[in-house]
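>>> Return a 3D structure for these sequence lines:
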Amino acid sequence: MKERDPGFDDWFDEPEPPTQESGRGGHAVYDDGADDAWVLPVDEPRRRARRSAGGGDIAFGGVRLTTTQLAIIAAAVLAVFFGILAAFGVFSSNAKTTVPPITTATTLQTQQTTTAVTPPAAAAPTSTLKPLDTGKQVKILQGALNALGFSVGKPDGDYGPKTQSAVEQFQSSKGLTADGIVGPATLNALAQALSG
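Residues are numbered from 1 along each chain as shown. Sure thing, here's the model as predicted:
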């Protein structure tokens, strides 16, 4: 085997075990002749004194935690807290924003033609009516309500729930008692509304 150069550095070479004189920090070195060398443990009272002197330990529930452990626990608690808030959508923006429409003024020149718009001819019934009535007078009532904008659908001559609802809406719009019965006051209001 070749002898090594004193300046040779082998990263994979095992270091020589320290001798008693070369122990770190003035501590005695234990050497039992084996390949490994260990520094003798420091006295326990000194170790405890060093821990308590650090001031970073906090007793919590009978367990001592270092400031690093407390920081990790605090970070985990905050992460869970923000995760819960995110799950409930606190950080999302679902608010609908309304954008005003952009309007531009345009001038169109058109040829004006005036035509008289005549509303469809509708007459008021001539007799009082109530729910479940049938006949021509109910059909006239339904046509009048449709002409005034209180839709009952296609006039069929049956005073059913749609007609009653339309009569009640008409009565409310004219300040009458909304009972769904076409009495004299409702007949008069219908006639005035159709004529005016």
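>>> Can you get me a residue count around Thr66?
13 (other Cβ atoms under 10 Å). Any C-beta I mention is one placed from the backbone N, CA and C, and that applies to glycine too.
>>> pretty sure it is in contact with Asp57, am I right?
Yes - counting by Cβ atoms under 8 Å, Asp57 is a contact partner of Thr66 at 5.8 Å.
>>> any residues in contact with both of those two?
Common contact partners of Thr66 and Asp57 (Cβ atoms under 8 Å, 6 or more residues apart in numbering): none.
>>> pLDDT score for the nearest residue to Ser172 once chain neighbours are set aside?
Residue nearest to Ser172 in three dimensions, not counting chain neighbours: Ala178, with 4.6 Å by Cβ to Cβ, 6 or more residues apart in numbering. You'll see Ala178 listed with a pLDDT of 87.
>>> again with Ser93
68.
>>> Contacts for the lengthiest helix in the chain, please.
If you go by DSSP state H, the chain has its longest helix at helix 67-87. Under the contact criterion Cβ under 8 Å, 6+ apart, helix 67-87 has outside partners Gly56, Asp57, Ile58, Leu65, Phe91.
>>> Phi, psi for the residue lying closest to the fourth one once chain neighbours are set aside please.
Distances taken as Cβ to Cβ, 6+ apart place Ile58 nearest to Leu65, at 5.4 Å, with adjacent residues excluded. Reported as degrees, to the nearest 10, the phi and psi values for Ile58 are phi -130, psi 130.
>>> Can you give me the neighbour number for Ile58?
Ile58, neighbours per other Cβ under 10 Å, totals 12.
>>> tell me the contacts of it?
So Ile58 contacts Arg64, Leu65, Thr66, Thr67, Leu70 (Cβ under 8 Å, 6+ apart).
>>> Could you tell me how many residues sit around the second one?
In this case it means Leu65. 16.
>>> thinking again about what came up before, can I get the contacts of Ile58 in CSV with distance to Thr134 and pLDDT?
As requested, the contacts of Ile58 are arranged in CSV below (distance: Cβ to Cβ, whole Å; pLDDT from 0 to 100):
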residue, distance to Thr134, pLDDT
Arg64, 93, 85
Leu65, 88, 84
Thr66, 92, 86
Thr67, 90, 85
Leu70, 85, 86
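>>> quick one: which of the residues you listed is nearest Gly149?
Leu70 (73.0 Å; Cβ to Cβ).
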